[in-house]
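> Here you go, sequence then predicted model.
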Amino acid sequence: MLLTYLERFITEERKERFREIIGQRTNHFTVAMEDVFQMHNTSAVVRTCEVFGVQQAHSIEGRFGKRLDAKIAMGAQKWVDVFRYDNTQHCIDSLRAKGYQIVATTPHKDAYFLNDFDISKKSAFFFGTEKEGLSEQVLSQADTFLKIPMVGFTESLNISVAVAIVLQQLTDRLRRSDLHWQLTEEERYDTLVHWTKQSIRNVNDVLKRYEEIKDTL
């Protein structure tokens, strides 16, 4: 098995750490960012996903191109699966095909507050920019809406702050629930393989050697 072979090249401490962290990962929730202009915001969102155990993030980059800065993400992109799309519809269709409901985060709709949101369904939370919010394309196709309670004059939050608030509250509720929110065995395996590869120097040489000897293992 590939994972068993790769684990020979990392320390026991790292292997145990991976096993510990993987148990807290989820694909029950995911985040989609629509055409975020500021690169540091996209990178901060990926870091937020990693901190709260959300394994996948989605970035729609049709207007401004690639928006992920490795320095700002502080390595989080190594541990989170980031999917990129050249248009909004492609992202929506892809997530629906994976069984997600589309959740538009907006203060301007008859939306659920965080405390009232039904966490039982697989949900993809779409976030737009502070200035423009989400496009009509997302709003018109959303299955439901979510808003963060705010009591000030300002009706918007920085996207990374909004994502942090939503994920902190909803993942906390998720982990205290009886739902099957953890990764499937296949997802766990694929993720552990990816993480382990990220931790090995000269990993291409290691993989080449594995291909040469795998039938003898």
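Nice, I can see it.
> residue ranges with poor pLDDT in this structure?
Within the chain, the stretches with pLDDT under 70 are 37-39, 62-75, 130, 155.
> which residue ranges form the helices in it?
For the chain, the helices defined by DSSP state H occupy 2-6, 12-22, 39-51, 70-73, 88-97, 136-141, 159-175, 185-198, 203-213.
> closest one to residue 150 among those?
helix 159-175 (10.1 Å; Cβ to Cβ). C-beta coordinates here come from the backbone N, C-alpha and C atoms, glycine included.
> Quick one: list the elements packing against that closest one.
Using 3 or more Cβ pairs under 8 Å, 6 or more residues apart in numbering; DSSP states H and E, the elements in contact with helix 159-175 are strand 29-34, helix 39-51, strand 123-127.
> Excluding chain neighbours, what is closest to residue 99?
Nearest residue to residue 99 in three dimensions, chain neighbours excluded: residue 122, at 5.2 Å (Cβ to Cβ, 6 or more residues apart in numbering).
> Over to residue 113?
In space, and not counting its chain neighbours, residue 113 is closest to residue 149: 5.6 Å by Cβ to Cβ, 6+ apart.
> and that neighbour, how many neighbours does it have?
9 (other Cβ atoms under 10 Å).
> That one contacts residue 114, doesn't it?
Yes: between residue 149 and residue 114 there is a contact under Cβ atoms under 8 Å: 7.1 Å.
> In stretch 79-95, which residues are buried?
For stretch 79-95, burial by neighbour count (16 or more other Cβ atoms under 10 Å) applies to 79-82, 85, 88, 91-92, 95.
> what do you get for stretch 113-124?
Buried, per 16+ other Cβ under 10 Å, within stretch 113-124: 114, 117, 119, 122-124.
> Surely residue 107 touches residue 154?
No: using Cβ under 8 Å, residue 107 makes no contact with residue 154, being 10.0 Å away.
> Which one of these two is surrounded by more residues?
Between residue 107 and residue 154, counting by other Cβ under 10 Å, residue 107 is the more crowded of the two (16 against 7).
> Run through the residues that contact that one.
Going by Cβ atoms under 8 Å, 6 or more residues apart in numbering, residue 107 touches 147-148, 150, 155-156.
> Next one: it from residue 165, what distance?
13 Å (Cβ to Cβ, to the nearest Å).
> joint contacts of these two?
residue 148.
> before we move on, back to that, now the helices of the chain in TSV, with distance to residue 129?
Shown next, in TSV, are the helices of the chain (distance: least, Cβ to Cβ, whole Å):
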stretch	distance to residue 129
helix 2-6	39
helix 12-22	31
helix 39-51	8
helix 70-73	17
helix 88-97	13
helix 136-141	12
helix 159-175	7
helix 185-198	30
helix 203-213	37
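> Tell me which of the ones you listed is the most buried.
helix 39-51 (a mean of 23; mean count of other Cβ atoms under 10 Å).
> between that helix and strand 123-127, how many degrees?
Here helix 39-51 runs at an angle of 160 degrees relative to strand 123-127 (axes from the mean of the first three to the mean of the last three Cα atoms, to 10 degrees).
> which other helices and strands contact helix 39-51?
Looks like helix 39-51 contacts strand 29-34, strand 56-60, helix 70-73, helix 159-175 (3+ Cβ pairs under 8 Å, 6+ apart).
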